[in-house]
Every structure is written in structure tokens, then in C-alpha cells.
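**Q** Need a 3D model of the sequence below.
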Amino acid sequence: MGHSTSLGPAHEVDLPGGRIRYYDTGSGAPVVFVHGLLVNANLWRKVVPAIAAAGHRCLSPDWPLGAHSIPVPEADLTPTGLADRIADFLTALDLTDVTLVANDTGGAIVQVLLSRSTDRIGRVVLASVDCYDRFLPPPFNILPPIARIPGSIRPVTELLRIRALHPLPIALGWVAKHPVPHDVIDSYLLPSRNSGAIRHDLRRFLKTANRRYTLEAAKHYPEIKIPVLLAWAKDDKLFPISLAERLAKELPNATLRFIEDSYTASPEDQPELLTELILEFTRLHATP
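**A** Numbering: from 1, shown residues only. Sure thing, here's the model as predicted:
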């Protein structure tokens, strides 16, 4: 399966370090989506249509986190480099007053971005994200040490061919509470399985995925004045509610809302509930 047509037509844009593919639909105030590790823009296929219908331009890039299709061998794929890549994307498309919506690993990257600059960003939604000392969270924190071993990523991607392993915690078991269709899983996993260049990108990111980036970003929370919605999965196994509560206390303009019957991947488990929260938030904090 390719990307869902609900995301809109595919486009490409050249950024420092390499080209990125993104999907674009709707018109109005821009909403830019930031997915996590080993997924791509397809994560947002059930969220985008209603947000676009409500009067927003929805832009869903494939960020180079292992499920992208255009290799970026020259790009800086450290968390800081990826944060700058988001900023470059907003600049390249001349987007302003942007609502950033991030899930999982994407939330860590957005926190790094916010600690460096909030230019062009009007508000942020963090939907169950890596933060503080959980970047990456257990059990996925085993991946950076594995990535330091040359040739290690190929066996991991080959193991994920086995669908019986997908419900395990180290795969999808603690990410999505409800079954994800096989064709959607394939859209996430095939790029790294089929391309050595994509695996190389993935390995470069994993080697640098370290809590020091999120802990450093947290030091800048008092400076982040823009509105932040914490849309947290109540049953999250990777990012406990206590993390959301801590974020709500430390971010000056944060609101915490819970999503029932979902693990981390609320765009998969409860897209309608997440969409409702995003739209309520954008209405509440619309620019006059």
C-alpha cells in the first residue's frame, strides 16, 4: 500500500541536506504533522480529512525517520538537525501561524525545535510524545545501542517481516492498542526493508536518539509561551500520564486533555477523538 489518498496529492520540496516528500490538502490556516519513528505521513490518514474540512491546509511530510522513501544521505539526522529540517520546511513553503501536531518521536523533535525557535509556529499539539528521560522509551531504548553495530538494522527490518511479532511490545504491541491493517503496517515497514539507503538514514538517526536532547529542551520550557495542547492517551504504556502532568506544569501555556482507549498511536487508535481535540484547540487559540 502506498499513502492514503485522504492525505492529498504528493509534492516534493528541496531542503538543506536533501529533498522531502509531503502531502497537501485543504486551504486555510496551516497544520503541519510530525510523525514518529518507523512510520510516515500515512499515520495521519484518518485525521487529515476532518481537519481539512474544517478550513485548514493540512501538510503531512514523510520525515526521515525510517519509513520515508527519499533517502537523505547528506542531511543532519540528529534530533537537532531534524528540528532544523522542520523549520526549513516551514520556511521553504512560507508557512506562518502554523499549528504543529506531533506524535511519539516526532514530539521530541518538536520540543527541540521549540527550544531553539518558535518562528512561524502559532500553537502545538503534542499527542503522547517522547520527553524528559524517555527518548527513546523502553523497550525501544534498545535500538540506539543496536544501531551502533554496523549492519545491525537489516536483521531488525527482516524480523519485522514476521507478522506474528507485530503484537509484541518491541514492535506495535505497546504502540497501538487496536489492530493496524496489514497494508498500513507495510506502508510503514517496506521502505527500510527494501532500501539500504533508507536503513542508513534510520541508523544515523537512531545512533543519536538520546535523552540529553529532550532533557536540554526541557530547560527551555519556561521560555515557550505559545499554546500547547497535550493530547495524551490515558492507557499509554510508553509515556505514563505522570509525564503529561509534568509537562502541563512546566510549559507556561499548556492544556492537558486525555484520550480514552488508546495507546501512544492515537492517530491509529482514536483518530476521531484526537481530531476533535485538535480542532477545539485551534478554534480556542485562533489568531484574531
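**Q** low-confidence ranges in this structure?
**A** Within the chain, the segments meeting pLDDT under 70 span 1.
**Q** Report the central residue of it.
**A** residue 35 (2.2 Å; C-alpha atoms, centre = their mean).
**Q** List the contacts of the spatially closest residue to that one that is not a sequence neighbour.
**A** Excluding the flanking residues, the one nearest residue 35 by C-beta to C-beta, 6 or more residues apart in numbering is residue 43, at 4.6 Å. Glycine gets a C-beta too; all of them are placed from N, C-alpha and C. Residues counted as contacts of residue 43 (C-beta atoms under 8 Å, 6 or more residues apart in numbering) are 33, 35-36, 103, 265, 267-268.
**Q** So residue 43 belongs to a helix, correct?
**A** Yes: assessed by DSSP: H, G, I helix; E, B strand; the rest coil, residue 43 belongs to a helix.
**Q** quick one: stretch 247-264 to chain centroid distance?
**A** 16 Å (C-alpha atoms, centre = their mean, to the nearest Å).
**Q** so how far does that stretch reach from one end to the other?
**A** 16 Å (C-alpha to C-alpha, to the nearest Å).
**Q** And it, what's buried?
**A** Neighbour counts over stretch 247-264 (16 or more other C-beta atoms under 10 Å) mark 247, 251, 254-259, 262-264 as buried.
**Q** likewise stretch 260-276?
**A** 262-271, 273-275.
**Q** Distance to residue 122 and secondary structure for these - can I get that in JSON lines?
**A** Compiled in JSON lines, those are given as follows (distance: C-beta to C-beta, whole Å; DSSP: H, G, I helix; E, B strand; the rest coil):
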{"residue": "262", "distance to residue 122": "26", "secondary structure": "coil"}
{"residue": "263", "distance to residue 122": "29", "secondary structure": "coil"}
{"residue": "264", "distance to residue 122": "25", "secondary structure": "coil"}
{"residue": "265", "distance to residue 122": "25", "secondary structure": "coil"}
{"residue": "266", "distance to residue 122": "22", "secondary structure": "helix"}
{"residue": "267", "distance to residue 122": "21", "secondary structure": "helix"}
{"residue": "268", "distance to residue 122": "26", "secondary structure": "helix"}
{"residue": "269", "distance to residue 122": "27", "secondary structure": "helix"}
{"residue": "270", "distance to residue 122": "25", "secondary structure": "coil"}
{"residue": "271", "distance to residue 122": "23", "secondary structure": "helix"}
{"residue": "273", "distance to residue 122": "23", "secondary structure": "helix"}
{"residue": "274", "distance to residue 122": "19", "secondary structure": "helix"}
{"residue": "275", "distance to residue 122": "18", "secondary structure": "helix"}
